[in-house]
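[1] take this sequence and fold it.
(chains A and B)
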Amino acid sequence: KNEVEQSPQNLTAQEGEFITINCSYSVGISALHWLQQHPGGGIVSLFMLSSGKKKHGRLIATINIQEKHSSLHITASHPRDSAVYICAAHTPGAQKLVFGQGTRLTINP
Amino acid sequence: KAGVTQTPRYLIKTRGQQVTLSCSPISGHRSVSWYQQTPGQGLQFLFEYFSETQRNKGNFPGRFSGRQFSNSRSEMNVSTLELGDSALYLCASRRDTQTSYEQYFGPGTRLTVT
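    Numbering: from 1, shown residues only, chains lettered A, B, ... in the order given. Alright, predicted model coming up:
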């Protein structure tokens, strides 16, 4: 079993829909990252969370430390949101990122 | 402030050759981490350098090595290339204070081994 599991692996939705991507982890964390990767490879850090909730524009990330679970929500989704979304656990001590397998999101117009 | 830069962006090598990839972190960032991304294995941690010292290492064979210079720029080297080394290699930098976990990724170097 992977230390960081994401679901779903693939998600296709229509423009305007509310999107939720889930991430569960089994390791201890210092922080949890949500990353976005567009075709071509570049990775952008969307959020870094150690507790609670963060919001940036149409994106919201939440984390429940007790349940070892985080969610990324996209409101009013748009075709430009189509990308791979990756959650990554920053492990204490070892100071490294452990990645989920990614969720490929496709938003159709 | 300039972002993380990686050179070259694309590289084609032949099996058995060696390759060196370069990463320049954001100014003031002292930690540089390297990651390998393949379709089969996803993103995997290679190693992290801080103040010219390797601080952490992932589960990769000794053919993968790296170093960091006094200006925090880092290089990674892969010797005796194998077909399976074809991947996107990403580096990321961070400031590395006790509470600074945010990483900034470079655009990656796409290595193809033929």
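[2] what sits up against the longest strand along chain A?
    For chain A, the strand with the greatest residue count under DSSP state E is strand A:83-91. With CB atoms under 8 Å, 6 or more residues apart in numbering or on different chains as the test, strand A:83-91 has contacts from A:3-4, A:6, A:21, A:23, A:25, A:27-39, A:43, A:46, A:48, A:70, A:72, A:96-100, A:102-105, B:43, B:101. In this view, the C-beta of every residue, glycine as well, is placed from N, C-alpha and C.
[3] could you redo the last one with a cut-off of 6 Å?
    The contact list for strand A:83-91 (CB atoms under 6 Å, 6 or more residues apart in numbering or on different chains) reads A:4, A:6, A:21, A:23, A:25, A:27, A:29-38, A:97-100, A:102-104, B:101.
[4] list only buried entries from these.
    Among the contacts of strand A:83-91, the ones that count as buried by 16 or more other CB atoms under 10 Å in any protein chain shown are A:4, A:6, A:21, A:23, A:25, A:29-37, A:97-100, A:102-103, B:101.
[5] what helix or strand does B:Leu111 sit in?
    Under the criterion of DSSP states H and E, B:Leu111 resides in strand B:109-113.
[6] partner strands of that strand, with direction?
    Strand B:109-113 pairs in its sheet with strand B:10-13 (parallel), strand B:87-94 (antiparallel), by DSSP bridges.
[7] among these, which comes closest to B:Val4?
    Taking CB to CB, strand B:87-94 is the member of those nearest to B:Val4, at 5.3 Å.
[8] listing partners with orientation, what would you give for the next helix or strand after the closest one?
    On the C-terminal side of strand B:87-94, the nearest following helix or strand under DSSP H and E is strand B:104-105. Using DSSP bridges, strand B:104-105 pairs in its sheet with strand B:87-94 (antiparallel).
[9] which residue packs closest to the residue nearest the centre of chain B, ignoring adjacent ones?
    Geometric centre of chain B, nearest residue: B:Trp34, 3.1 Å, by CA atoms, centre = their mean. What sits nearest to B:Trp34 in space, not counting adjacent residues and going by CB to CB, 6 or more residues apart in numbering or on different chains, is B:Leu46, at 4.1 Å.
[10] need phi/psi at that neighbour.
    phi -100, psi -60 (degrees, to the nearest 10).
[11] wait, a strand at the residue nearest to the centre of chain B?
    Yes. Looking at B:Trp34 with DSSP: H, G, I helix; E, B strand; the rest coil, it is inside a strand.
[12] so where's chain A shaky on pLDDT?
    A:1, A:94 (pLDDT under 70).
[13] hmm, who's touching stretch B:55-62?
    Here stretch B:55-62 makes contact (CB under 6 Å, 6+ apart) with A:Ala94, A:Gln95, A:Lys96, B:Phe45, B:Leu46, B:Phe47, B:Glu48.
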